[in-house]
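1. Here's a sequence, model it:
(4 chains, ligands or ions: 6)
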Amino acid sequence: MITATIVEAWLQRTAAVLDENKSYLTDLDAAIGDADHGVNIARGFGAVVQKLAAQPGQSLGALFKTAGMTLMSTVGGASGMLYGNFFLKAAGVAGDRHALTDAELLAVLEAGRDGIIQRGRAEPGDKTMIDAWTPALAALRASLEAGQPPAAALDACVAAAEEGMRATIPLQARKGRASYLGERSIGHQDPGATSTYLILRALAETLATASDEM
Amino acid sequence: MITATIVEAWLQRTAAVLDENKSYLTDLDAAIGDADHGVNIARGFGAVVQKLAAQPGQSLGALFKTAGMTLMSTVGGASGMLYGNFFLKAAGVAGDRHALTDAELLAVLEAGRDGIIQRGRAEPGDKTMIDAWTPALAALRASLEAGQPPAAALDACVAAAEEGMRATIPLQARKGRASYLGERSIGHQDPGATSTYLILRALAETLATASDEM
Amino acid sequence: MKKLINAIDAVITEQMEGMALAHADLLRVNLEPKFIVRADAPVADKVALVSGGGSGHEPLHGGFVGMGMLAGACPGEIFTSPTPDQMYACGLAVNSGAGVLLIVKNYTGDVLSFETAAELLHGDGVPVRTVLVDDDVAVKDSLYTAGRRGVGGTVIVEKIAGAAAEAGYDLAQVAELAQRVSISSRSMGMALTSCTTPAAGKPTFELGDDEIEIGIGIHGEPGQRRMPITDADAITTLLAEEILDDGAYTRTVRSFDPDAGDWVEQTLTSAPFQPGDRVIALVNSMGGTPASELYTVYRKLAHICEARNITIARRLIGAYITSLEMQGCSITLTRADDEMLRLWDAPVHTPALRWGV
Amino acid sequence: MKKLINAIDAVITEQMEGMALAHADLLRVNLEPKFIVRADAPVADKVALVSGGGSGHEPLHGGFVGMGMLAGACPGEIFTSPTPDQMYACGLAVNSGAGVLLIVKNYTGDVLSFETAAELLHGDGVPVRTVLVDDDVAVKDSLYTAGRRGVGGTVIVEKIAGAAAEAGYDLAQVAELAQRVSISSRSMGMALTSCTTPAAGKPTFELGDDEIEIGIGIHGEPGQRRMPITDADAITTLLAEEILDDGAYTRTVRSFDPDAGDWVEQTLTSAPFQPGDRVIALVNSMGGTPASELYTVYRKLAHICEARNITIARRLIGAYITSLEMQGCSITLTRADDEMLRLWDAPVHTPALRWGV
Ligand SMILES: Nc1ncnc2c1ncn2[C@@H]1O[C@H](COP(=O)(O)OP(=O)(O)O)[C@@H](O)[C@H]1O
Ligand SMILES: Nc1ncnc2c1ncn2[C@@H]1O[C@H](COP(=O)(O)OP(=O)(O)O)[C@@H](O)[C@H]1O
Ligand SMILES: [Mg+2]
Ligand SMILES: [Mg+2]
Ligand SMILES: [Mg+2]
Ligand SMILES: [Mg+2]
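-> Ligands and ions are numbered 1, 2, ... in the order given. Below you'll find the model as predicted:
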């Protein structure tokens, strides 16, 4: 079971990882965007962690809603709205549960991803964060459906996210700021796909640590 | 006798020398002024030469007046007004003569120098062109009064101008733009004193060439 | 990085405080969340215009708050879209009941935030409409990109729609006019130098000593292409021809319909410029280019327009939509009819644009 | 060197042509010799203000030609005083018979040129007076220097004296008022970066990446001293204290007396600022500093003035007297009485300053 404590630990680890990778993400965004992705997203998840610390004991729905609203009001830019939407939609599925089964976790993540698509209307291959989310959640679903243990399923998920992230390099962007560059966007890794990979990696690592401790 | 032709040759040589030394003078002005002395003065004397070429056969008074008015309307800045005034006052003394004796040349130069002082009210030691003019004309007068031949007298004049120019280096400026620098003007050679030296050197060289040719 | 700023985190707040101190007669500033409103907002019976976007483009938008232009402005972090909570709170603060028009520059972040804000305001019973500004001809197609960026045309839209609101147009009328001005506008920009955001501390892109960047937006993002530096006439010709030779441009625009309570999509086409057109021209500094150089650009632009029988009926020359201290310029032309010119001439009193009062 | 210019020799001419094309309703331009005059000059029965100076300080002076401010402006080469023939021709063009006031920034070249022009105009029977602006507190003494430079105070003098001329003050009255505004003004400037004249093609001075120059003039000349870069509050405090703590300043001013037909010398003393003073504040960009940063400076300046019980009664924030594309700012404070404030508020309509109309 993935408890609220574990989810909070995930968001804390995400905040830490994004903060460490702030310059890396911003440099990626400088190449094909406006050089703010790392700074903004790190600020946003930092704020989420602070907000959650002040509101302990919430249901997962409430917790995700706080995360979504906080991202929306602190990140700014495309990714703030999209990640914000991710958590708002995740909140809808998580509802007043205080823990999730593996299958429920998958449903929550998929709902979040669908929220990103609904707002941003990106398709696979547009060189956006969707190019990490879609293969990652497909791999997670396939592994779970194949009966693999959660740790292995999440490893597959992260591996697919990383592959999806790398696969954005040769793509020409068709959504977001990078699309203005036309062919000049080719050859650069998408910053949003990169932060998505980092977020999913943080999830896998958090779950691994949590099960070690059990 | 210093004929109008020789005077025109002097102004032509001056224009050429100042043009060659344009960057040098402007660099001196960059250190303690506003980096325009060379460019401006070269433009001005270039214009004088053009104007005179279009008006041949003038009296020396008319010729100096044209030079003065042209400098005033083409140079801009302090030195344009001061050199302009130099020639206007020189014109007054030269009058309708078409040639000058050595003594008359001295009188013409002294009147011009006094014109600079009258407008600019600089005193010796203020770190201006006056620090070249004053010793130079004193040396010229002394040499001529001592009965030296004109060539030697002019050499003494140029040597004194050069010395006066170099002697501006340790001075603190009290007039003109360099005075704003206070002690920071110390250690730099005054651009106006330098152009004065170049103008007088061009005079000596012109007269030397002219007497060679006779 | 050399800037007149204090702590990096405080840059926007302190600039807003400075504006509040300087222009207490014109505007009020709210810091949490950040927005700027007319001193006399809400103005009874008048439609309120709200715009916003990343900071670093000053005077846009805060400098255009006041009589005859914006009712409110929402500054984001530097070059980062503001957030929906700002727009929502600002919309509530300026709504007199006559409704709020959200003026949205076409960037994904801005669009998504304003969409959310529109839904929130509608949910609270505020009559709300949106208009998209997408005038940057450096972006060629709308099919394979996020569409043209909103740049200099925004200034023209805000002035004319602001005058219409002041004149008592209702929400649907102001929105319709704003949309018309928006699709009648085309812009093209270039950079001589890059710019530095305080957070990054180093220039967003590197430009060689003899290179310029053509087709830049306003966020220090790289442009369409890079070329060796050339003279003002050649640069002006290049920018003007991109604008004047740009063909019909068609895009699908989403806007909020308060009656339906939902988003509607419309396909809109901008007609190319034609001989005989009258235009409003904006020759704009990217921030670090002084006014003197803009006049050299305007001179050439005037000659080019004259040769094509396009009449520059009104003009604005200065720094109106900038990228921090970037050197460079942009040109905007808006095809204007009598109504637009009349509204352009109407009094305006804001920190950065003032006439007739 | 990266600038929006064409041939170096044509820079001033083309900028003037651009102004003429852009502002035909406000001004006319003459190219040989170079000057700019109000479109409606000479204005019957009104004293005409003429100023001038090196180019590169735009909008000063050409941008201030128009109703309620200057009747004429004479641009020199970049950073080089204009020549007497320009001022003479300009003075003749604007004189309605009510006379001409020459507004002279205190630089040797400007002073000498305007002196000659005054004598020429007087010789032609034009009633002419002169006023010297020397407000730069970076220059400490007047005894061992050419005296304080004319900087930001010039803008304030031109606005207030321009309003007085428009209001029908006679020549002696306008001159007396202009002199009073001038000696009530104090300024101090700083540079974050140097600037490049087109003719030189390289920066006039070199500044390290973490150095700033304090006490600069407006000609790219080195300043009073150099120091490590610090934050906006510290820089503002430094500039403001130089101005506010500046003691009485006495100088001997030469001005032309048309009745005597000669120059008269007057010893004038500027009183230091005092608690209770009301001031007009100018927070000015040196050209390359964007408006956003100026608001951070204004914020601190407002706090400092408030703490000293000095009331900022009016303010102007923007690029008004520049050094090409230099980054940096200057602060000017002018102690203002009711008459000055009334004239400050009077309508003005020029390319760079406009209100009340
Ligand atoms: N329409 C979209 N759908 C999905 N993701 C998008 C979309 N537009 C942009 N993104 C993602 O957002 C990232 C950029 O985020 P960020 O830099 O924070 O926003 P901004 O471009 O507003 O500065 C891109 O790398 C891309 O992955
Ligand atoms: N009052 C003065 N009297 C005599 N010479 C002066 C005076 N003021 C300045 N100068 C001379 O002018 C020179 C500077 O000339 P220039 O650079 O052309 O003028 P500006 O300072 O106006 O740019 C100085 O080096 C100095 O020799
Ligand atoms: Mg970005
Ligand atoms: Mg000089
Ligand atoms: Mg951004
Ligand atoms: Mg000069």
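
2. When you work out contacts or count neighbours from here on, use the C-alpha atoms and nothing else.
-> Will do.

3. Quick one: the strands in chain A, in order.
-> A:2-3, A:99-100 (DSSP state E).

4. Name the strands paired with the first one and say parallel or antiparallel.
-> Okay, so that is strand A:2-3. strand A:99-100 (antiparallel) (DSSP bridges).

5. Residue C:311 and residue C:276 touch, don't they?
-> Yes - Residue C:311 is within contact range of residue C:276, at 7.0 Å (criterion: C-alpha atoms under 8 Å).

6. Between these two, point out the one with more neighbours.
-> More crowded of residue C:311 and residue C:276, by other C-alpha atoms under 10 Å in any protein chain shown: residue C:311, with 18 against 10.

7. what are the phi and psi angles of the more buried one?
-> phi -90, psi 120 (degrees, to the nearest 10).

8. try residue C:283
-> For residue C:283, the backbone dihedrals (degrees, to the nearest 10) come out as phi -110, psi 110.

9. So residue A:78 versus ligand 3, what's the distance?
-> Going from residue A:78 to ligand 3 by C-alpha to the ion, to the nearest Å gives 7 Å.

10. That residue - nearest residue in space that isn't next to it in sequence?
-> residue C:109 (3.6 Å; C-alpha to C-alpha, 6 or more residues apart in numbering or on different chains).

11. what's the pLDDT at that neighbour?
-> pLDDT for residue C:109: 94.

12. One more: residue A:213?
-> We note a pLDDT of 63 for residue A:213 in this prediction.

13. Repeat that for residue C:304.
-> 98.

14. for it, helix, strand, or coil?
-> Classification of residue C:304 by DSSP: H, G, I helix; E, B strand; the rest coil places it in helix.

15. next one: residue C:186
-> At residue C:186 the chain is in strand, as set by three-state DSSP.

16. Tell me how many other residues crowd it.
-> Neighbours of residue C:186 using other C-alpha under 10 Å come to 30.

17. how about it, what does it touch?
-> Residues counted as contacts of residue C:186 (C-alpha atoms under 8 Å, 6 or more residues apart in numbering or on different chains) are C:135, C:136, C:137, C:153, C:243, C:332, C:333, C:334.

18. Run a quick check on the residue nearest to residue A:78 versus residue A:75, I expect a contact.
-> No - the pair residue C:109 / residue A:75 is not scored as a contact, 10.1 Å apart, by C-alpha under 8 Å.

19. More neighbours: which of the two?
-> residue A:75 (30 against 26).

20. doesn't residue A:125 make contact with residue A:131?
-> Yes - contact criterion C-alpha under 8 Å: residue A:131 and residue A:125 qualify, at 6.3 Å.

21. State whether residue C:254 is indeed within a strand.
-> Yes - Residue C:254 sits within a strand when classified using three-state DSSP.

22. before we move on, the earlier item: which residues do residue C:109 and residue A:75 both contact?
-> What both residue C:109 and residue A:75 touch, as defined by C-alpha under 8 Å, 6+ apart, is the set residue A:81.

23. which regions of the chain sit below the pLDDT cut-off?
-> Looking at chain A here, since you left the chain open. A:213-214 (pLDDT under 70).

24. at 90 instead, please
-> Residues of chain A meeting the criterion pLDDT under 90: A:1, A:30, A:33-36, A:76-77, A:180-184, A:209-214.

25. now swap in the stretch 101-250 of chain C and tell me
-> The model of the stretch 101-250 of chain C has pLDDT under 90 over residues C:140-145, C:199-200, C:202-206, C:217, C:219-225.

26. Could I get the full set of helices for it?
-> All helices of the stretch 101-250 of chain C, identified by DSSP state H, counting those that start in this stretch, fall at C:108-123, C:153-166, C:171-183, C:232-244.

27. so how far is stretch C:43-62 from its chain's centroid?
-> 10 Å (C-alpha atoms, centre = their mean, to the nearest Å).

28. Any part of that stretch near chain D?
-> Yes - applying C-alpha under 8 Å from any C-alpha of the partner chain, one finds stretch C:43-62 touching chain D at C:56, C:58, C:59.

29. if we can go back for a sec, could you identify which of the helices of the stretch 101-250 of chain C is most buried?
-> Stretch with highest mean neighbour count among the helices of the stretch 101-250 of chain C: helix C:153-166 (a mean of 27; mean count of other C-alpha atoms under 10 Å in any protein chain shown).

30. by contact count, what packs against that one?
-> Contacts defined by 3 or more C-alpha pairs under 8 Å, 6 or more residues apart in numbering or on different chains; DSSP states H and E place helix C:153-166 against strand C:48-55, helix C:171-183, strand C:185-191, strand C:328-335, helix C:338-345.

31. For residue D:204, find the nearest of those.
-> strand C:328-335 (20.9 Å; C-alpha to C-alpha).

32. What pairs with the closest one, parallel or antiparallel?
-> If you go by DSSP bridges, strand C:328-335 pairs up with strand C:185-191 (antiparallel), strand C:278-285 (antiparallel).

33. give the contact list for the residue nearest to residue A:78.
-> If you count contacts by C-alpha under 8 Å, 6+ apart, residue C:109 has them with A:76, A:77, A:78, A:79, A:80, A:81, C:80, C:81.

34. Now do the contacts for the closest residue to residue A:159 other than its chain neighbours.
-> Spatially, and ignoring its direct neighbours in sequence, residue A:159 is nearest to residue A:136 (7.5 Å; C-alpha to C-alpha, 6+ apart). Applying C-alpha under 8 Å, 6+ apart, one finds that residue A:136 lies in contact with A:156, A:157, A:158, A:159, A:160, A:161, A:164.

35. Now tabulate the residues you listed in a markdown table and tack on distance to ligand 1.
-> As requested, these are exported to a markdown table (distance: C-alpha to the nearest ligand atom, whole Å):
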| residue | distance to ligand 1 |
| --- | --- |
| A:156 | 21 |
| A:157 | 18 |
| A:158 | 17 |
| A:159 | 18 |
| A:160 | 16 |
| A:161 | 13 |
| A:164 | 12 |
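
36. out of those, which is most surrounded?
-> Taking other C-alpha under 10 Å as the neighbour criterion, residue A:161 ranks highest of the contacts of residue A:136 with 31 neighbours.

37. and the residue of the stretch 251-357 of chain C found nearest ligand 3, helix, strand or coil?
-> Closest to ligand 3 within the stretch 251-357 of chain C is residue C:323: 14.8 Å, counting by C-alpha to the ion. Residue C:323 carries the three-state label coil when classified by three-state DSSP.

38. What distance do you get for the closest residue to ligand 5 within the stretch 151-300 of chain C to residue A:127?
-> Ligand 5 sits closest to residue C:219 of the stretch 151-300 of chain C, with a gap of 7.8 Å, by C-alpha to the ion. From residue C:219 across to residue A:127, the span is 20 Å (C-alpha to C-alpha, to the nearest Å).

39. Neighbour count: these two, which is higher?
-> Taking neighbours as other C-alpha under 10 Å, residue C:219 and residue A:127 compare with residue A:127 leading, 32 against 25.

40. got a list of what the more buried one touches?
-> Going by C-alpha under 8 Å, 6+ apart, residue A:127 touches A:168, A:171, A:172, A:173, A:174, A:175, A:190, A:193.

41. Apart from its neighbours in sequence, what residue is nearest the last one?
-> This points to residue A:193. By the measure of C-alpha to C-alpha, 6+ apart, the closest residue to residue A:193 outside its immediate chain neighbours is residue A:129, 3.7 Å from it.

42. That neighbour and residue B:17: what is the separation?
-> Look at residue A:129 and residue B:17: by C-alpha to C-alpha, they are 68 Å apart.

43. Look at the two and report which has more neighbours.
-> residue A:129 (29 against 18).

44. residues touching the residue of chain A most remote from its centre, list them.
-> Distance from the C-alpha centroid of chain A, by C-alpha atoms, centre = their mean, peaks at residue A:183 (26.7 Å). Applying C-alpha under 8 Å, 6+ apart, we find residue A:183 in contact with residue A:172.

45. Look up how far residue D:331 lies from it.
-> To residue D:331, residue A:183 is 47 Å away according to C-alpha to C-alpha.

46. How about stretch C:33-51 and chain A, any contact?
-> No - against chain A, stretch C:33-51 shows no contacts by C-alpha under 8 Å from any C-alpha, the least distance being 8.7 Å.
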